[in-house]
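Engineer: Provide a 3D model corresponding to the input given below.
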Amino acid sequence: MGNLLMPFKKFLSNKNTITILGVLIGVVVLYLGYNWRVQKSVQPVQIPYASTTLTSGMKITVDNIKYASVPKDMITGWGNLQVDVLTITSKIVAYDMKIPQNSFFYEQSLMDPEEMPNSVFSNIPDGYTIYRMKVDNDKTYGNSIMPDTMIDLYMSTTSQEDGGKIVYGRFIKSIQVLKVLDNNGRNVFMDKDNPTEASLLLFAVPENLFLLLKKCEKLGIELEPVPRNESYTANPSATELTSDELQSIVINQTHIIANECTDLTVCG
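Structural biologist: You can find the predicted model right below:
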């Protein structure tokens, strides 16, 4: 038996043999380790994605979700990618955001339902009232008037005291648009890529100006919203009447109710 092992012992005692075996073992270990890492990096993981286009305010359900097999290494570093379905289905699509069909879910496109600004009335200053102004595509300059921008209102009418001459001028300045709605009461810009046609502008004005606007509406006096530039919106002034003469045209055609609010300083 000893004689049989002798050649094997001599083979192992050879320094060159040991070196070759060490190199071979190292190569095998490196290959197995590399192969394991490659297999791990390309191993597919299931990533949820939107099965249909989801627009601002929509509650996300399991019916809106499908799954894609993606190599794990491909999504490494996508820190904002949401992969937990329970987290996704507890959210809604964020305000003024859209998740296109076949898109993954990202943190910035989702929000908690209680964070959605669901009412224009929540931040109206004391003494102000919401006014709903009927508009169309022409009056909004082809949907160029957007929420949170500042506009002026111009008046167009005729003078009964001056032979029916046309009267046109700025009536109220610096009004912040709160919402732009279509004829279904939905946010015109809910889907920014496919906005609907504007039907109503919602904004808040002091009570005395609200009464003037309603009187114009009842008298059939035309009011025209006029957008301004970015600086006008970024540096807003107070919402104020800009023409006592135009106000007089309205007042002279209406009955003043006792204790009616005609001055901001006495409006409650």
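Engineer: could you pull out the strands for the stretch 51-200 of the chain?
Structural biologist: Assigned by DSSP state E, counting those that start in this stretch, the strands in the stretch 51-200 of the chain fall at 54-55, 65-71, 92-93, 98-99, 110-111, 128-134, 150-159, 165-181, 200-206.
Engineer: closest one to residue 47 among these?
Structural biologist: Among the strands of the stretch 51-200 of the chain, strand 65-71 comes nearest to residue 47, with 5.0 Å by Cβ to Cβ. To be clear about C-beta, it is placed using only N, CA and C from the backbone, and glycine gets the same treatment.
Engineer: can you tell me what sits against the closest one?
Structural biologist: For strand 65-71, the surrounding residues in contact (Cβ atoms under 8 Å, 6 or more residues apart in numbering) are 41-51, 85, 88-89.
Engineer: just checking: what are the partner strands of it?
Structural biologist: Strands flanking strand 65-71 in the sheet, each with its direction: strand 44-50 (antiparallel) (DSSP bridges).
Engineer: mean confidence (pLDDT) on the strand it pairs with, please.
Structural biologist: Average pLDDT, strand 44-50: 88.
Engineer: try stretch 135-142
Structural biologist: The pLDDT scores in stretch 135-142 average 93.
Engineer: ok, stretch 104-114 next?
Structural biologist: Mean pLDDT, stretch 104-114: 86.
Engineer: mind exporting the C-alpha coordinates of that stretch to CSV?
Structural biologist: These are the backbone C-alpha positions of stretch 104-114, laid out as CSV (Å, rounded to 0.1, in the frame of the first residue of the first chain):
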residue,chain,number,x,y,z
PHE,A,104,-42.7,52.5,-12.5
PHE,A,105,-43.8,54.1,-9.2
TYR,A,106,-41.5,56.8,-7.7
GLU,A,107,-41.6,58.5,-4.4
GLN,A,108,-42.1,62.0,-5.8
SER,A,109,-45.2,60.9,-7.8
LEU,A,110,-47.0,59.6,-4.7
MET,A,111,-48.5,61.3,-1.7
ASP,A,112,-50.7,60.5,1.3
PRO,A,113,-54.4,61.1,0.7
GLU,A,114,-54.6,63.7,3.6
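Engineer: run through who's touching it.
Structural biologist: Counting by Cβ under 8 Å, 6+ apart, 47-50, 59-60, 80-82, 88, 90-95, 97-99 sit against stretch 104-114.
Engineer: report the buried members of these.
Structural biologist: Neighbour-count burial (16 or more other Cβ atoms under 10 Å) is assigned, among the contacts of stretch 104-114, to 47-50, 60, 82, 88, 91-94, 97-99.
Engineer: how far away from the center of its chain is stretch 130-145?
Structural biologist: How far stretch 130-145 lies from its chain's middle: 20 Å, per Cα atoms, centre = their mean, to the nearest Å.
Engineer: ends of that stretch, what's the gap?
Structural biologist: Using Cα to Cα, to the nearest Å, the end-to-end distance of stretch 130-145 comes out at 17 Å.
Engineer: buried residues, that stretch. List them.
Structural biologist: Of all the residues in stretch 130-145, those buried under the rule 16+ other Cβ under 10 Å are 131, 133, 135, 139-140, 145.
Engineer: try stretch 250-258
Structural biologist: Using 16+ other Cβ under 10 Å as the test for burial, stretch 250-258 gives residue 250.
Engineer: return the alpha-carbon coordinates of it using CSV.
Structural biologist: Output of stretch 250-258 as CSV, limited to C-alpha atoms (Å, rounded to 0.1, in the frame of the first residue of the first chain):
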residue,chain,number,x,y,z
VAL,A,250,-72.1,99.4,-11.9
ILE,A,251,-73.4,101.1,-8.7
ASN,A,252,-75.6,103.5,-10.7
GLN,A,253,-77.5,100.6,-12.2
THR,A,254,-78.2,98.7,-9.0
HIS,A,255,-80.0,99.3,-5.7
ILE,A,256,-77.8,99.7,-2.7
ILE,A,257,-79.0,97.5,0.2
ALA,A,258,-78.8,98.9,3.7
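Engineer: of the buried residues of stretch 130-145, which is the nearest to residue 125?
Structural biologist: Closest approach to residue 125 among the buried residues of stretch 130-145 (Cβ to Cβ): residue 131, at 13.9 Å.
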